[in-house]
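Asks: coords please:
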Amino acid sequence: MKRIDARTARVVMTAGATYLGRFGTGVVVLITLPMAKQHLHPELFGVWMMLSALLGFMAFADLGIGNGVLNRTTHAQATNDKKLLLRTLASGYACTTFVASALFAAWITWAHYSEEPTIIAGTIAQTHKSDVLTALTVFAAVLALNIPASLIQRVQLGMQQGYWNGIAQFVCAILTLAAVPLTLQHDGSVAGLVLATLGIQAGVNIVNTLIWLARHGLLDPSEWRNTLDFPTVGALLRSGSLFLSLQLAAAFAFQSDSIVITQTLGQAAYGDFAVTQKLFLFVSMVLSASLVGLWPAFGDAIAKRNTDWIIKTLWRSAIGAASVALASVLALSAAMPWIMKNWMHGQVNPSWSLVAALATWTVIDAAANVLGAFMNGANILRAQLFFAVTMAICAFGAKWLLTPTLGTTGAVLATILAYCLISVPGQVYIFKKALKS
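Replies: Below is the predicted model:
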C-alpha cells in the first residue's frame, strides 16, 4: 500500500480532529435548540438565534488580519523561519487587540447615545428591550475578547496543526452542553445564553493559545523581544484589507439572511428559518471539516512548487465534497418531516420549497469551499474580490426583493442565483489563469 505524503497526512489529521469538534458542536445544536425554543419567548429566541448567526457574519471584524496571519505563518512554516513566525504573531496580536478595542468602544458609544440601540436586532417589544440591550452588550464584549483570542486558530492552521482547533472545539462543546441547561434553569436570559455559548468559546480560545505557545516554547518573554515589526504590521493590514473585502462580500451574500428576514418578516419567522437552516449547516459543517487543512496545504505546496499534488487534490476534493453533500441532503430532506416532529415537536414546519433551496445551496457550497481554499492558498485575492463583490451586491439586493414575495425561501434562492450566474464563471476564469501560470 502506498503511503500518503506528510502534507496529506497533516490534512487528514486536521480533518479527523475537526470532525470530532464539529460532531460536538452538532450535538450541542441538536440538544440546546429545542430547550431554548421551549424556555424562551419567540421574540427572544429569535434574538438569540440572530446573535449566534451574527458571530459568523462578524468574522470580518478582525479586518482580515487573521487570514493574513495564516498565509504568513504558512510561509514561515514552509521556510522554517522562526523570526518571521514571531514577527507575524506579535504584529497580528497587536493589530487584532487594537481592532477589538475600537469595536467595543464603538458599541458603547452607540448604546449610550442612540435613542433606540436595540433597533439593530429588529423591532423589539418594550417588555424585552432591556434584556435585548444587555444581551447585545454582552455579545459585543465577548466578540471584542474573541477577536485576538481566536487568532490562534489561524496560526495553528498556518502551521498545518489544525487538529488543535478540533480538540479545542470539542472541549468547548462539552462545556456548552453543561452551561446552557444551567443557564435556562437559572434565569433563562439571552445574555446568559450568550455567555454560555459564545463566552465559553472565547475562554477556550484563550486557554488554547496559552497551551500552544507553551508547547512551542514561546511563553518566554525573551523570545518576544523586538518582535513587533511595523513593516509586518503594514503587510498584514494590506493583505488583511483584501481578505476583509472578501469576507464582507461573503457575509452579505451568504450570511445576511438573518438581517433581511428579521427586517422583512420578523424575529419569529427568522427563528423558524434558522432551525431548518441549522440542519443543513450541520451537513456543511461535517463536510467542510475534511477541507479545513486544505488552505495551508495548498499554500505549502505552492511554495514548494508541487503542482501535481495541487491539481490532483483540487479535483478529488471538489468532486468528493459535492457527491457526499448531494447524498447527505437527499437523505436529510426525505427525513425532514420526521425530524421536525420528533426534534422540535411540531413547533417548526418548513415548506418543501425552503428545504429544496437549502439542499441545493449545500451542494454548491461544498464544491465552492474547495475552490476557495485553493485560491486563498495561492494568494489569488484581487480577482476573487472582483467577482465576490459583484456577486454579493446582486445577492444582497435580490434577497430584499424575493424575501417579501417568496418568504424565507426567497433569501436562499437569491444566493443560489447570484452565485451560479456570477461566481461560477468567475472561478472557472481564475482557475484557468492560475494553471497557465
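Asks: use CA for all of it now, contacts and neighbours both
Replies: Noted.
Asks: in which helix or strand would I find the nearest residue to Leu354 once chain neighbours are set aside?
Replies: Of all residues not flanking Leu354 in the chain, Thr409 sits nearest, at 4.6 Å (CA to CA, 6 or more residues apart in numbering). Element membership of Thr409, judged by DSSP states H and E, is helix 408-418.
Asks: can you list contacts of the one helix or strand in the chain whose mean pLDDT sits lowest?
Replies: Taking mean pLDDT, DSSP states H and E as the measure, the chain has helix 42-57 as its least confident helix or strand, at a mean of 75. Identification of contacts with helix 42-57 by CA atoms under 8 Å, 6 or more residues apart in numbering yields 36-37, 121, 124, 128, 132, 139, 143, 190, 193-194, 198, 251, 255-256, 258, 267-268, 270-271, 274.
Asks: And for stretch 261-275?
Replies: 33, 42-43, 45-47, 49-50, 121-123, 258, 348, 350, 400, 403-404, 407-408, 411.
Asks: could you flag which of those are buried?
Replies: 33, 42-43, 45-47, 49-50, 121, 258, 348, 350, 400, 403-404, 407-408, 411 (16 or more other CA atoms under 10 Å).
Asks: The helix holding Thr409 packs against which elements?
Replies: Judged by 3 or more CA pairs under 8 Å, 6 or more residues apart in numbering; DSSP states H and E, helix 408-418 is in contact with helix 257-265, helix 267-289, helix 352-377, helix 382-406.
Asks: want to throw the ones you listed into a markdown table with distance to Gly66 and mean pLDDT?
Replies: Putting those into a markdown table (distance: least, CA to CA, whole Å; pLDDT from 0 to 100) gives the following:
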| stretch | distance to Gly66 | mean pLDDT |
| --- | --- | --- |
| helix 257-265 | 24 | 87 |
| helix 267-289 | 19 | 83 |
| helix 352-377 | 13 | 91 |
| helix 382-406 | 17 | 91 |
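Asks: Redo those helices as JSON lines? Include distance to Met13.
Replies: Listed next are the helices and strands packed on helix 408-418 as JSON lines, based on distance: least, CA to CA, whole Å:
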{"stretch": "helix 257-265", "distance to Met13": "33"}
{"stretch": "helix 267-289", "distance to Met13": "11"}
{"stretch": "helix 352-377", "distance to Met13": "17"}
{"stretch": "helix 382-406", "distance to Met13": "29"}
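Asks: Nearest to Ala9, out of these?
Replies: helix 267-289 (14.5 Å; CA to CA).
Asks: Does the very next helix or strand once past that closest one pack against any helices or strands, and if so which?
Replies: Following helix 267-289 in sequence order, the next helix or strand is helix 294-303 (DSSP H and E). Contacting helix 294-303 under the criterion 3+ CA pairs under 8 Å, 6+ apart are the following elements: helix 6-39, helix 65-79, helix 307-343, helix 352-377.
Asks: tell me the most buried of those?
Replies: Compared across those, helix 65-79 shows the largest average neighbour count, a mean of 24 (mean count of other CA atoms under 10 Å).
Asks: what element comes up after it heading to the C-terminus?
Replies: Criterion used, DSSP H and E; the element after helix 65-79 is helix 82-113.
Asks: Tell me the buried residues in that following helix?
Replies: 84-93, 95-97, 99-100, 103-104, 111.
Asks: average pLDDT for the helix or strand following that helix?
Replies: Next along the chain after helix 82-113, taking DSSP H and E as the criterion, comes helix 129-149. Helix 129-149 shows a mean pLDDT of 88.
Asks: ok, back up a step: give me the angle between the least confident helix or strand of the chain and helix 129-149.
Replies: On the basis of axes from the mean of the first three to the mean of the last three CA atoms, to 10 degrees, helix 42-57 is oriented at 20 degrees to helix 129-149.
Asks: between helix 42-57 and helix 6-39, how big is the angle?
Replies: Counting by the same axes, to 10 degrees, helix 42-57 lies at 160 degrees to helix 6-39.
Asks: Please state the offset of helix 42-57 from the chain centre?
Replies: Centroid separation for helix 42-57 versus its chain: 15 Å, with CA atoms, centre = their mean, to the nearest Å.
Asks: With stretch 79-89 instead?
Replies: Relative to where its chain is centred, stretch 79-89 has its mean C-alpha point 26 Å off (CA atoms, centre = their mean).
Asks: cool, and stretch 262-272?
Replies: On CA atoms, centre = their mean, the centre of stretch 262-272 falls 22 Å from that of its chain.
Asks: tell me which residues of it are tucked away?
Replies: Buried, per 16+ other CA under 10 Å, within stretch 262-272: 262-264, 266-272.
Asks: Go ahead and produce CSV holding the CA coordinates of that stretch.
Replies: What follows is stretch 262-272 as a C-alpha-only set of coordinates in CSV (Å, rounded to 0.1, in the frame of the first residue of the first chain):
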residue,chain,number,x,y,z
THR,A,262,-35.6,39.8,10.5
GLN,A,263,-36.3,43.2,9.0
THR,A,264,-38.9,42.0,6.4
LEU,A,265,-40.7,39.0,8.1
GLY,A,266,-39.9,39.5,11.8
GLN,A,267,-37.9,37.7,14.6
ALA,A,268,-40.3,34.8,14.8
ALA,A,269,-40.0,34.0,11.1
TYR,A,270,-36.3,34.1,11.3
GLY,A,271,-36.3,31.8,14.4
ASP,A,272,-38.2,29.1,12.4
